Structure formats: C-alpha cells, structure tokens
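# model this:
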Amino acid sequence: MARLVRALPGLHFREALLSSRTRSSGGQSARAGCRDAGSPTKHELSLTKREWQKELTAEQFYVTRGKGTEPPFSGIYLNNTESGMYHCVCCDSPLFSSEKKYCSGTGWPSFSEAHGTCGSDESNTGILRHVDTSLGWVRTEVVCKQCEAHLGHVFPDGPGPAGQRFCINSVALKFKPRGH
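Predicted coordinates:
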C-alpha cells in the first residue's frame, strides 16, 4: 500500500489517508517521532502581477508566476555543493536542504525530499504538490506553500528510500549558506 501511495502523483490520496489516520486515532498524530510545528498557517502574498514583475527579474517572474522552466544546465545552483538551505525567491520560505541535493544529470537542481519531510509526511514542508496536465500528460508540479510560486516538478525516479526527484528551477530559489 505504501508503494502505491508513493507512486500516486499529486499526493491528494496520501494527504487524505494521513488525515483519516489522524482522525481515526482519536486526534493523535499518526506521525509519531516527527517534529510537528502545528498547523501551518498560510500567509498568502497577494501581490498583483505588476507588483510581482517589479519584485522579480524577468526570468524569475516567468518561472515562478508564469509556470515556466529555465533552460536545462543553465541554473546557478545546478552545481552548487555548499551546505545550506534553498529558500523561495518570492517569499523566502525554506524549501530544500543541501543535504538532500544530488546530481540527477537532468540539468536542474534535484532534491530527494523537501525540507521538513518526515517519512512520507510533507505537512511540515514549505511545498505543495499539484497535478499538472499542461503538456498533455500527468506530472506533479511543486509550488511554494506560502506564496504558490511555481518551483518545478517531482518525479518518481529519484534515489531511495522514497524514490523522488524534485527537479527545481534555480531561478525559483535563493540559497543561504549554513550559518547565515
């Protein structure tokens, strides 16, 4: 069952399953041992299109607000090996740790999981997953939970144990070295 849930794009079924487990356990979290920061509060950045264009470079706007993709092998963070945290370029939410970054050979920075993931639970992360059929097939889009910036996509061909490859655009990220 766990393999089936992991393979499903969009995670809507997984979120429903986790939610039902929490309800059926009398309100106790089914995520024993995981750090629970409480219910995440969604602080939407409600900027207009024009305001986003003023805040971001043309390429950042194209990718994060227009759901675009930077050219492969062009991103500033593709070969970054420094220790630190990758944040959303739009709202500064922490998204991915350098500890989970790996070289996938695809041309974009790749991560095996989002920062705050506990097992298969992503409720304490800064990301959301959405079904994306824009190219005529089903993919799973990754967006920032706080400001809904398009970050990239996640695919089921990554390293173990979860087998995920978060393929993320460099221009959607802001890297902060450890200690800063």
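
# pairing partners for the host helix or strand of Phe175, with directions?
Secondary structure assigned from DSSP states H and E places Phe175 in strand 173-177. According to DSSP bridges, strand 173-177 has the following sheet partners: strand 84-88 (antiparallel).

# what comes up buried for the strand holding Phe175?
If you call a residue buried by 16 or more other CB atoms under 10 Å, then strand 173-177 has these buried ones: 173-175. Where C-beta positions appear, they are placed from N, C-alpha and C, glycine not excepted.

# dump the residue contacts of the residue most central in space within the chain.
For the chain, the residue whose C-alpha lies nearest the mean C-alpha position (CA atoms, centre = their mean) is Ile127; its distance is 4.1 Å. Taking CB atoms under 8 Å, 6 or more residues apart in numbering as the criterion, Ile127 is in contact with 95, 114, 142-145, 151.

# among the residues you listed, name the ones in strands.
Using DSSP state E, the subset of the contacts of Ile127 located in strands is 95, 142-144, 151.

# reformat these as CSV; add neighbour count.
CSV is the format used below for the ones in strands among the contacts of Ile127 (neighbours: other CB atoms under 10 Å):
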residue, neighbour count
Leu95, 28
Val142, 26
Val143, 21
Cys144, 23
Leu151, 30
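
# farthest-separated two in those residues?
Of all pairs drawn from those, the greatest distance, 10.2 Å, lies between Leu95 and Val143 (CB to CB).

# what sits in contact with each of those two?
Any residue near both Leu95 and Val143 by CB under 8 Å, 6+ apart counts here, and that gives 127, 151.

# still on that earlier bit, for Gly68, state which of the contacts of Ile127 is nearest.
Scanning the contacts of Ile127 for proximity to Gly68, where the rule is CB to CB, the winner is Leu151, at 11.5 Å.

# for stretch 113-129, give the mean pLDDT please.
Computed over stretch 113-129, the mean pLDDT rounds to 96.

# before we move on, what about stretch 81-89?
Per-residue confidence for stretch 81-89 averages out to 98 on the pLDDT scale.

# pull out the buried positions in it.
For stretch 81-89, a neighbour-count test (16+ other CB under 10 Å) marks 84-89 as buried.

# any chance of the buried residues of strand 173-177 in a markdown table, with pLDDT and distance to Lys101 too?
Shown next, in a markdown table, are those (pLDDT from 0 to 100; distance: CB to CB, whole Å):
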| residue | pLDDT | distance to Lys101 |
| --- | --- | --- |
| Leu173 | 98 | 11 |
| Lys174 | 98 | 15 |
| Phe175 | 98 | 10 |
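
# helices and strands of the protein: which one bottoms out on pLDDT?
Counting by mean pLDDT, DSSP states H and E, the weakest-scoring helix or strand in the chain turns out to be helix 12-24, with a mean of 32.
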